[in-house]
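J.: I need the structure of the sequence given here:
(chains A and B)
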Amino acid sequence: QVQLQESGPGLVTPSQTLSLTCTVSGGSISSSYYYWSWIRQPAGKGLEWIGRIYPNGSTDYNPSLKSRVSISIDTSTNHFSLRLSSLTAADTAVYYCARCSNSWGYFEFRGQGTLVTVSS
Amino acid sequence: DIVMTQSPLSLPVTPGEPASISCRSSQSLLHSNGFNYLNWYLQKPGQSPQLLIYLASTRASGVPDRFSGSGSGTDFTLKISRVEAEDVGVYYCIQVLQTPFTFGPGTTVDIK
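T.: Purely as a prediction, here's the structure:
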């Protein structure tokens, strides 16, 4: 059973850069059947797709964040990462990583998410 | 971007009774391969979202058969044949036809 574990700082200072890691266990991040996404959810609000990365490193980002976001993948250590720059309070949210089926287009949220608070 | 809307936004339900949630997209989600790229999720209180339905009408593994999805193009429906207490939470639809993938605002289902 594939499990995903988000990790990173719980508190980040405004204007700084957030770095989060999603560690994949129980399966290979290199599988051609899947790609990998980041999604976030501000407290009490809805879900926002941030972007995705394929095992070959190809990426797509939400235009609302495109100038500030970068997703990378390390197939040797089975993890992928999110970097979000120029943080403001509006970036405070629970950040989820997810496995996404290439064929059927669904996300699987196999982690608990990690809360990131942007505050001085 | 494709805009997703849901109705109602709040749905009080009675256990044992049916329930229905509508999801509409600003563009057709029907791919040339014949599939509608619309998924449904349930986020129970304090939990991560869990997949219920994908490709508009296919139940995910382990999802009870009281959940069903239907629709095509721009209009979709999630139905619960007989609501159980464990079905409370926020239901989201999401289009995965084109990036950026976009979620509906969510429908909060709670017990009357």
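
J.: my read is that residue B:102 contacts residue B:1, right?
T.: Yes: Residue B:102 is within contact range of residue B:1, at 5.9 Å (criterion: CB atoms under 8 Å). Every C-beta, even on glycine, is put in place using the N, C-alpha and C of the backbone.

J.: more neighbours: which of those two?
T.: residue B:102 (21 against 14; other CB atoms under 10 Å in any protein chain shown).

J.: so how far is chain A from the more buried one?
T.: Distance check for residue B:102 against chain A: by CB to the nearest CB, to the nearest Å, it reads 7 Å.

J.: not counting its neighbours along the chain, what's nearest the residue most central in space within chain A?
T.: Residue closest to the average C-alpha location in chain A (CA atoms, centre = their mean): residue A:38, at 2.8 Å. By the measure of CB to CB, 6 or more residues apart in numbering or on different chains, the closest residue to residue A:38 outside its immediate chain neighbours is residue A:50, 4.1 Å from it.

J.: wait, a strand at that neighbour?
T.: Yes: secondary structure of residue A:50 (DSSP: H, G, I helix; E, B strand; the rest coil): part of a strand.

J.: per-residue pLDDT, it?
T.: According to the prediction, residue A:50 has pLDDT 98.

J.: equivalent analysis for residue B:38, please.
T.: Listed pLDDT for residue B:38 reads 98.

J.: residue A:6: neighbouring residues, count only.
T.: Here the count is done by other CB under 10 Å, and residue A:6 has 20 residues near it.

J.: please verify my assumption that it contacts residue A:110.
T.: No: the pair residue A:6 and residue A:110 fails to qualify as a contact (CB under 8 Å) at a distance of 10.4 Å.

J.: picking that back up, the residue nearest to residue A:38 reaches residue A:82, doesn't it?
T.: Yes: here residue A:50 lies in contact with residue A:82, judged by CB under 8 Å, at a distance of 6.8 Å.
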